[in-house]
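[1] Let me see the structure of the following:
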Amino acid sequence: MACAICGGTIWNSYSQVIWEKCEDRGRDGKGLSILENGSWIGIRRAAPSTEVENPIDPQPVGVDPKIVFNGVISNSEQLGVKVGETDASVLPRVLDFKSLESFRNSLSKIVGSYAIAVLFQSMGEIWLAANYKPIWIYRCRETNNLFFSSLQHHLPNDGFGAFKFPPYSVASLTDELSHILDIPRSQPDRALVICSSGLDSTIVASEAIRRHSEIRLLYFDYGCLASKIEKRKIQEIAEFFNCSYDIFPLKFCFFKSSPLLGDPDKLAAKVIGAEYGYEWVPARNLILLSITVGYAESHAYGYIYLGTNLEEAGSYPDNEEQFIRDFDGLLYSAVQNGVKVSIKTPLGGLMKHEIVALGVKHKVPFDLTWSCYRGQEVHCGECGSCYMRKIAFKRNQLKDPAFKHEWSSDFWKDCNLF
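    Residues are numbered from 1 along each chain as shown. The predicted model follows:
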């Protein structure tokens, strides 16, 4: 059911505005229940093709509690929906309202999508529950009352200052969401690591191995200058960690604008190359993460790791931790109902020299990693990636095995082997 549910802890002028705005999500029916203490819930209904247009049980359904429901219950017949009734009619009969915990547990009977508001007439309390269907919440500063609706712009001030009710959660609106219960989802203890064979992603792989029962490396070949040697290195890294790996060829023509895929003479050098993303690959992390999420869901992996970090967040927008958090925050509705895939960035708060120190601590095989943007047989030592890596090792007073061919230079004279 594509409709709007709404409500609040008081009925006032804000409530009236919310109620009227909700009409944009349904004009086939409406229902409203307001208690003496002002608590209220309502629904604007859009009748789906699979349900009756004029049901014998218009929402809110139930006596005490009253219930409004947005979603589709695919097993409604098995739960006892009768001819002429809507999906919502079974909720008072199958849900357990003895406690918030029992309510949460009883939701497992529902196969389908839902956002539910429950109004207890005897207690004047409102409970909320949702899987991937949206609920937005707004707190009125003047009165300290709470309101909710299915869409953000229904709320006062077009929803400015509103926040989303956590997906796959149950809570009491009356208790100001002080106790939020998670609705269980399937999340296998297996991890995918987006691995370029570089310093960061290899250290991330070592972190994932310690945290999960199984890992798999994913290398995306989008035609960069170093792809030939990176593919060789990824195999060696997988052998070291005793894990499986996959290589995905990507033939996206719009990647061609990046210097990483073209003339090596156009690569920015040293400090300039380290401090700004001249080697930007258009929307790379968005694309790679999206593909990896699909792979994770179809192959039963619950976690995705990548090597974004604090250092490179200053140069590349898609390395910024907020981008990763935003992307991760979308996944509840990007995968199937009841499935959970999480993005993990263990290096998100670390600078490059701290990343090297972490790799040393966990005995990461630095000699197998490849960071250089060029496709030569040894690291060039000049591109932005090489420069940043060299400085990071030098700050740890360690010689980088990737630059063994340079160890005789003055740059490494005060550094030690490890």
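
[2] ranges for the strands of the stretch 1-150 of the chain?
    4-8, 29-34, 40-45, 66-73, 112-120, 125-130, 136-139, 146-149 (DSSP state E, counting those that start in this stretch).

[3] Make TSV out of the ones you listed and add mean neighbour count.
    Using the backbone N, CA and C atoms, a C-beta is placed for each residue, glycine as well. Listed next are these as TSV, based on neighbours: other CB atoms under 10 Å:
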stretch	mean neighbour count
strand 4-8	28
strand 29-34	17
strand 40-45	27
strand 66-73	24
strand 112-120	22
strand 125-130	24
strand 136-139	20
strand 146-149	24
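
[4] and Glu239, which of the ones you listed is closest to it?
    Counting by CB to CB, Glu239 lies closest to strand 112-120 out of the strands of the stretch 1-150 of the chain; the figure is 44.1 Å.

[5] could you check the angle strand 40-45 makes with the closest one?
    Inter-element angle recorded for strand 112-120 and strand 40-45: 150 degrees (by axes from the mean of the first three to the mean of the last three CA atoms, to 10 degrees).

[6] partners of strand 112-120 in the sheet?
    strand 66-73 (antiparallel), strand 125-130 (antiparallel) (DSSP bridges).

[7] Please put the alpha-carbon coordinates of the longest one into CSV.
    As requested, the backbone C-alpha atoms of strand 66-73 are provided in CSV (Å, rounded to 0.1, in the frame of the first residue of the first chain):
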residue,chain,number,x,y,z
LYS,A,66,-5.9,1.6,17.1
ILE,A,67,-3.5,0.9,14.2
VAL,A,68,-2.6,2.6,10.9
PHE,A,69,-0.4,0.7,8.4
ASN,A,70,1.5,1.5,5.3
GLY,A,71,2.8,-1.4,3.3
VAL,A,72,1.9,-4.7,1.8
ILE,A,73,1.4,-8.0,3.7
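
[8] Could you report the separation of the residue nearest the centre of the chain from Lys340?
    Taking CA atoms, centre = their mean, the centroid of the chain lies closest to Asp328, which sits 1.5 Å from it. Separation of Asp328 from Lys340 (CB to CB, to the nearest Å) stands at 11 Å.

[9] Next: Ser33.
    For Ser33 relative to Lys340 (CB to CB), the value is 34 Å.

[10] how many neighbours does the residue nearest to Gly348 when sequence neighbours are not counted have?
    The shortest distance from Gly348 to any non-neighbouring residue, by CB to CB, 6 or more residues apart in numbering, is to Glu321 (4.6 Å). Using other CB atoms under 10 Å, the number of residues around Glu321 comes to 15.

[11] And the pLDDT at Glu321?
    What the model reports for Glu321 is a pLDDT of 92.

[12] For it, which residues are in contact?
    Neighbouring residues of Glu321 by CB atoms under 8 Å, 6 or more residues apart in numbering: 308, 310, 313, 345, 348-349.

[13] Check Asn37 too.
    Here Asn37 is in contact with Gly124 (criterion: CB under 8 Å, 6+ apart).

[14] helices and strands of this protein: which one bottoms out on pLDDT?
    Here the helix or strand of the chain ranked lowest by mean pLDDT, DSSP states H and E is helix 270-275, holding a mean of 44.

[15] Show me what the helix or strand just after that helix is in contact with.
    Using DSSP states H and E, the helix or strand that follows helix 270-275 towards the C-terminus is helix 284-298. The contact list for helix 284-298 (CB under 8 Å, 6+ apart) reads 192, 194, 218, 220, 222, 246, 248, 250, 252, 255, 301-304, 306, 308, 318-319, 323, 327, 331, 334-336, 339, 341, 343.

[16] Would you tell me which of the strands paired with strand 112-120 gets closest to Thr86?
    strand 66-73 (8.2 Å).

[17] Report the angle between that closest one and strand 29-34.
    Going by the same axes, to 10 degrees, strand 66-73 makes 150 degrees with strand 29-34.
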